[in-house]
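> Predicted model follows, preceded by the sequence.
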Amino acid sequence: MTDWSIDATAKRRDTYYAASQRKFVPFAEPMVFKRGSMQYLWDAEDRKYIDLLGMNVCISVGHSHPKVVAAAMEQAQTLTHCTTMFYHPTPAHLAEELAATMPAGPEWVVHFTNSGSEAVDLAMTMARTYTGNPDLLALRTAYHGPTAAAQSATGISGWRHPGMPGNVAFVAEPNQYRGIFGGNAGAEPYLDEIERTIASATTGQIAGMLIESVQGYGGIIEMPKGYMSGAAERVRAAGGLYIADEVQSGFGRTGDHMWGFEADGVIPDIVVMAKGIGNGFPLGAVVARKEVAAPMAEKFMFHTYGANPTSCAAGRAVLQVIRDDKVRENAQAVGGALLERLKGLKEKHGVIGDVRGRGLMLAIEMVKDRKTKEPDRETTSAVFEQCRTQGLILSKSGPYQSCLRMVPPMCLSMEDVDQVADGLDRAFSDL
Ligand code: PMP
């Protein structure tokens, strides 16, 4: 029998979880969720919440979405797992369907992994193998995952640990609110930074550059117009590949396109995806140009659960739901309405320095002073806790933990928007 009391679970966690897993608990008090349906969660006392965190962006089309659950259940009951040593149609279908979502032109191939960071690792290895160059570039406030290689490309200091491999040079993120070139500086000065970094901190010939099309943990940092395409040009001129990390921004979350990079017309060499692809079932993928993946034919990689049919059945259902239920279009309309309400809150509450994002990838950033833009971590924490009491689950992010990030299941409704904006308004007013 499962014991649902918070105290019992807390005691078991404190006793049996390693320190490395125990401490990442954002709320002051622990929470136990018992059930989820679409954009909502219920705790052990049956209190209802809007999940603006999307269980960390994993829930793309809705908690326990009936079509996704049915597809996974049917597969699990028939054959739960089958490694890629044997052929199975479900992952093969999903590979074809994912390739079809990529820009026209190149031939695309897919390597399924168990997680986003494994996909990042593989993308890094693929780029180094294809180009023969060791050095990679990444952005300073990037997050690419917890495995050693993905960490080595993760710029946010809190996520970096001893013993990471090297050969990654960091470039200033083109943050249009508090970047090194000030507010609304556009893409150009940051593109020059890429060139300067290649010239000063690499051998001059690089394997590639990883870019989240919209940075998630960085605090919802959008790439300004021309940045992704300009970065691809500069990286290719130095012999490298453009690697798009779509783990958070993919699957229609940005509202305007299926993939975040499409907003700038860039065609990447490698695309990394995870989280929303499985709507909670563990799955990641590298989608690469065929010629880029080809040199790994001899030095191949085997991910035990990669391409497992249960997660891939869920993945196929996710793609189907995104198409049938016009999920991207909903993210665009509802996200647009939420952004407008957030802008209204900025007019009213001086502690809000910036409101940004697109689709259902939004953030508000708190500052102690709008002129100096000094990050206000304490107020962010207070609003975050207050929102919990209003039935809103948010997430703190950004290098200073001064942003509230909103990445809900993409079935969020217009009625939810009112509840979210009113709840936030009350939380700011109660400060
Ligand atoms: N890239 C990005 C942008 C992410 O947000 C994450 C996870 N937060 C990862 C990679 C790593 O994915 P995973 O946790 O599935 O390994």
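Yep, it's here.

> Need the CA coordinates for the helix or strand where Glu97 lies. PDB is fine.
Assigned by DSSP states H and E, Glu97 belongs to helix 89-100. C-alpha atoms of helix 89-100 as PDB (Å, rounded to 0.1, in the frame of the first residue of the first chain):
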ATOM      1  CA  PRO A  89       7.300  -0.600 -36.400                       C
ATOM      2  CA  THR A  90       6.200   2.000 -33.700                       C
ATOM      3  CA  PRO A  91       9.600   3.800 -33.300                       C
ATOM      4  CA  ALA A  92      10.100   3.500 -37.100                       C
ATOM      5  CA  HIS A  93       6.800   5.300 -37.600                       C
ATOM      6  CA  LEU A  94       7.600   7.900 -35.100                       C
ATOM      7  CA  ALA A  95      11.000   8.600 -36.700                       C
ATOM      8  CA  GLU A  96       9.200   9.100 -40.000                       C
ATOM      9  CA  GLU A  97       6.700  11.400 -38.400                       C
ATOM     10  CA  LEU A  98       9.300  13.500 -36.600                       C
ATOM     11  CA  ALA A  99      11.400  13.800 -39.800                       C
ATOM     12  CA  ALA A 100       8.300  15.100 -41.500                       C
END
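
> tell me what that helix is packed against?
For helix 89-100, the packing partners by 3 or more C-beta pairs under 8 Å, 6 or more residues apart in numbering; DSSP states H and E come out as strand 108-113, strand 284-289, helix 309-324. Glycine gets a C-beta too; all of them are placed from N, C-alpha and C.

> As CSV, these with distance to Thr9 would be great.
Shown next, in CSV, are the helices and strands packed on helix 89-100 (distance: least, C-beta to C-beta, whole Å):
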stretch, distance to Thr9
strand 108-113, 30
strand 284-289, 28
helix 309-324, 26
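
> Any idea what the closest residue to Ala201 other than its chain neighbours is bridged to?
In this structure, Ala201 finds its nearest non-sequential neighbour in Ala169, 4.0 Å apart by C-beta to C-beta, 6 or more residues apart in numbering. Beta-bridge partners for Ala169, by DSSP bridges, are Leu137.

> who touches Ala169 in this structure?
Applying C-beta atoms under 8 Å, 6 or more residues apart in numbering, we find Ala169 in contact with 135-138, 197-198, 201-202.

> ok, now how distant is the residue in the stretch 101-250 of the chain positioned nearest to the ligand from Gly216?
Sorted by distance to the ligand under C-beta to the nearest ligand atom, the residues of the stretch 101-250 of the chain start with Gly116, at 2.3 Å. Taking C-beta to C-beta, to the nearest Å as the criterion, Gly116 is separated from Gly216 by 11 Å.

> next one: Ala285
Distance check for Ala285 against Gly216: by C-beta to C-beta, it reads 18 Å.

> Please apply the same query to Ile393.
When C-beta to C-beta is the yardstick, Ile393 and Gly216 sit 16 Å from each other.

> List the residues that contact Asp46.
Residues in contact with Asp46, defined by C-beta under 8 Å, 6+ apart, are Lys34.

> how about it, secondary structure?
What DSSP: H, G, I helix; E, B strand; the rest coil gives for Asp46 is coil.

> For it, report the pLDDT, please.
According to the prediction, Asp46 has pLDDT 95.

> is stretch 198-216 up against the ligand anywhere?
Yes: for stretch 198-216, a contact with the ligand is found by C-beta under 6 Å from any ligand atom, at 212, 216.

> would you say Gly336 is within a helix?
Yes: remark: Gly336 belongs to a helix, assigned using three-state DSSP.

> Next up, the contacts around it.
Shown here is Gly336, whose contacts under the criterion C-beta under 8 Å, 6+ apart are Gly255.

> Can you name the residues of this structure that neighbour the ligand?
By the criterion of C-beta under 6 Å from any ligand atom, the positions of the chain lying close to the ligand are 115-117, 120, 143-145, 212, 216-217, 245, 247-248, 274, 284.

> Neighbours of Val69, how many?
Residue crowding around Val69 was assessed by other C-beta atoms under 10 Å; the count is 16.

> For the strand or helix carrying it, which helices and strands make contact with it?
Secondary structure assigned from DSSP H and E places Val69 in helix 66-78. Using 3+ C-beta pairs under 8 Å, 6+ apart as the contact test, the elements touching helix 66-78 are helix 309-324.

> buried sites along the helix it packs on?
Buried residues in helix 309-324, counted by 16 or more other C-beta atoms under 10 Å: 309-319, 321-322.

> ok so, going back, just the contacts of Ala169 now: which is nearest Val292?
Each of the contacts of Ala169 was checked against Val292 using C-beta to C-beta; the closest is Leu136, at 14.3 Å.

> doesn't Phe170 make contact with that closest one?
No: applying C-beta atoms under 8 Å as the test, Leu136 and Phe170 come out as separate, 10.1 Å apart.

> These two: who's more crowded?
A direct count of neighbours by other C-beta under 10 Å for Leu136 and Phe170 places Leu136 higher, at 27 against 16.

> The residue of the stretch 251-400 of the chain found nearest the ligand and Gly116, how far apart?
Across the stretch 251-400 of the chain, the shortest distance to the ligand (C-beta to the nearest ligand atom) belongs to Ala274, at 4.4 Å. Distance of Ala274 to Gly116, given as C-beta to C-beta: 3 Å.

> Find residues that contact each of these two.
Listed contacts common to Ala274 and Gly116 are 247, 284; contacts here mean C-beta under 8 Å, 6+ apart.

> Quick one, grab the pLDDT at Val407.
Val407 carries a pLDDT value of 98.

> again, but for the one 4 residues further on
For Cys411, the model assigns a pLDDT of 98.
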